[in-house]
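*Asks:* I would like the atomic coordinates for the input below:
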Amino acid sequence: MFEKVLIANRGEIALRVIRACRELGIKTAAIYSEADQESLHVKFADQAICVGPAQSSSSYLHIPNIISAAVLSGADAVHPGYGYLSENSDFAEICAAHGLVFIGPTAAQIERMADKAQAKAEMKAAGVPVLPGSERSINNEVELLKICKKIGYPVMIKASAGGGGRGMRLAANENELIKAYRLARSEAGAVFGNDKVYIEKYIKNPRHIEIQLLGDSHGNIVHFGERECSLQRRHQKVIEESPSPVVSSRLRKKMGLAAVRGAKAVNYLNAGTVEFLLDENDEFYFMEMNTRIQVEHTVTEMVYGVDLVKAQIQIAAGAEIAYEQSEIVPTAHALECRLFAEDPLQSFLPSPGIITKLHIPGGHGVRWDSHIYQGYEISPYYDSMFGKLITWGEDRDEAIERMLSALSEIQIEGIQHNVEFHKWLLQHEKFRQGDYSADFLERVMTEF
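*Replies:* Have a look, this model is predicted:
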């Protein structure tokens, strides 16, 4: 097992990794920017090293400073968390070059899945269902028109190196296509430094379903069922739940086997997620593979009784997965509400500031993953998510009622936040019925 792990991240995921390391008897080294000097991950780690000023480009994304911190701390492994450098193949490769174990997949695996068009081609070759579309990135507008004519409209243009809804444009017909293509390329180049895009057939009213995977260095790959991630605002997840209210045990097995088959095709190592689009006829299609731990890993942990972050660390240290696929079955229902410092009544405008009052809910089946405390200042430099509230129930109704109770108990003052928005959403008739798709929130926002 490792002696010390450097955590190349901040906020709640850095705290999550610290807790997992403590349970494994591993010392931790935290990195922080000048703006995060008072953050809890800095206070709770065994060691903390400043890696630069507030701007992420000069701190949490600055590879030379992070590697220097790892070497200086005496760490023998690096956990990247999610976001930032977690899916950066160069970072994984540089870690290895400095004798540091990257707690995640290999650099080659990250690179293979980072190009969405290439990943789609590899999954198709492995027998995983994929959406009709381009086999690779589109090179010019002539090729674009030819492919779209073949697969039919509407189509979705996506950034090859993208994610999180950036570099995406919908074209309902040929008249909209060229403009959408140019806008998608422009945004992809600005956000990802890569303007390559690819085309997929657009599925009406799809659900966004993801399958959680673990793979070890002994050739074992297992899945932990699905997470329902269709409640999204501008392609960013808001509430996640597991199991999905529409996925039967038969469909779960079918999607899980497809995800494992795709992961085995690339000899996948460590935690990862295969994301599918599910249509109204229970047909599913590969969308992308995330080569990291997900924000919403918590609901899977609650339903399947597994610590995914500890498993990541153990697998990176050479351990074999301790589960047979037949032993992995859902035993409950869980929800996660992402809490943001933003004002839902002002177009979700970010609301940084000092938290002047804080009361956290508790009780049976309630989990709180966060880095905030009373007196903590939420910085304008980083993502506005300040916590995740997770509830567990023996069934979906109990998990929802427990979440509503927890949201009613939470007290946060000094910033605007989306607690009331979550309460409204959880009581929406369509949500209670499990009758929603990826475009649901965009359609009902005016009701709120």
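
*Asks:* helix or strand right after the helix or strand hosting L251?
*Replies:* Per DSSP states H and E: L251 is located in helix 249-265. Per DSSP H and E, the first helix or strand lying C-terminal to helix 249-265 is strand 270-278.

*Asks:* the helix or strand that comes right after that following strand - what's its average pLDDT?
*Replies:* Going down the chain from strand 270-278, the next helix or strand is strand 284-290, by DSSP H and E. Mean pLDDT, computed over strand 284-290, is 95.

*Asks:* on that earlier part again, list the helices and strands the helix holding L251 packs on?
*Replies:* Here helix 249-265 touches helix 116-125, strand 207-215, strand 221-233, strand 270-278, strand 284-290, going by 3 or more C-beta pairs under 8 Å, 6 or more residues apart in numbering; DSSP states H and E. The C-beta positions use only the backbone N, C-alpha and C, and glycine is treated the same way.

*Asks:* distance between that helix and the chain's centre?
*Replies:* Centroid separation for helix 249-265 versus its chain: 19 Å, with C-alpha atoms, centre = their mean, to the nearest Å.

*Asks:* residues of the host helix or strand of L15 that come out buried?
*Replies:* Secondary structure assignment for L15, by DSSP H and E: helix 11-23. Applying a neighbour-count criterion of 16 or more other C-beta atoms under 10 Å, one finds 11-21 buried in helix 11-23.

*Asks:* and for the helix holding L251, what's in contact with it?
*Replies:* Identification of contacts with helix 249-265 by C-beta atoms under 8 Å, 6 or more residues apart in numbering yields 122-123, 125-129, 209, 211, 213, 215, 221-223, 225-226, 243, 247, 272, 274, 276, 282, 284, 286, 289, 325.

*Asks:* write the PyMOL selection for whichever of the residues you listed are buried.
*Replies:* Buried members of the contacts of helix 249-265, defined by 16+ other C-beta under 10 Å, are picked up in PyMOL with:
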select buried, resi 122+123+126+128+129+209+211+213+215+221+222+223+225+226+243+247+272+274+276+284+286+289+325
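
*Asks:* next, work out how far apart the residue nearest the centre of the chain and A125 are.
*Replies:* The chain has Q294 as the residue nearest its centroid, 3.5 Å off, counting by C-alpha atoms, centre = their mean. Per C-beta to C-beta, to the nearest Å, Q294 is found 25 Å from A125.

*Asks:* same thing with E87?
*Replies:* 22 Å.

*Asks:* mind checking the pLDDT average for stretch 188-205?
*Replies:* 90.

*Asks:* got the end-to-end distance for it?
*Replies:* 25 Å (C-alpha to C-alpha, to the nearest Å).

*Asks:* mind pulling up the pLDDT for the residue lying closest to G434 once chain neighbours are set aside?
*Replies:* Distances taken as C-beta to C-beta, 6 or more residues apart in numbering place P245 nearest to G434, at 2.9 Å, with adjacent residues excluded. Per-residue confidence at P245 stands at 97 (pLDDT).

*Asks:* P245: what's it in contact with?
*Replies:* 228, 396, 434.

*Asks:* for the stretch 151-300 of the chain, which spans come out with low pLDDT?
*Replies:* 164 (pLDDT under 70).

*Asks:* one more pass at 90, please.
*Replies:* Within the stretch 151-300 of the chain, the ranges that satisfy pLDDT under 90 run 160-167, 190-193, 200, 204, 234-235.

*Asks:* most neighbours, which of the contacts of P245?
*Replies:* E228 (25 neighbours; other C-beta atoms under 10 Å).

*Asks:* which residues touch that residue?
*Replies:* Here E228 is in contact with 207-209, 240-247 (C-beta under 8 Å, 6+ apart).

*Asks:* domain parsing for the protein?
*Replies:* 4-103, 132-201, 207-447 (automatic domain parsing).

*Asks:* could you dump these into a markdown table with distance to D115 added?
*Replies:* Shown next, in a markdown table, are those (distance: least, C-beta to C-beta, whole Å):
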| stretch | distance to D115 |
| --- | --- |
| domain 4-103 | 10 |
| domain 132-201 | 5 |
| domain 207-447 | 10 |
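
*Asks:* of all these, which lies closest to Q109?
*Replies:* domain 207-447 (5.6 Å; C-beta to C-beta).

*Asks:* quote the end-to-end distance of the closest one.
*Replies:* 21 Å.

*Asks:* one step back: let me know which of the domains of the chain is tucked in deepest.
*Replies:* domain 4-103 (a mean of 20; mean count of other C-beta atoms under 10 Å).

*Asks:* K43 sits in which helix or strand?
*Replies:* Going by DSSP H and E, K43 is in helix 40-44.

*Asks:* tell me which residues are up against that helix.
*Replies:* So helix 40-44 is contacted by 7, 10-11, 14-15, 18, 30, 32, 36, 48, 371-373, 376 (C-beta under 8 Å, 6+ apart).

*Asks:* tell me the spacing between the residue of the chain most remote from its centre and A117.
*Replies:* In the chain, counting by C-alpha atoms, centre = their mean, V142 sits farthest out from the average C-alpha position, at 34.9 Å. Separation of V142 from A117 (C-beta to C-beta): 18 Å.

*Asks:* host element of Y382?
*Replies:* Using DSSP H and E, Y382 falls outside every helix and strand.
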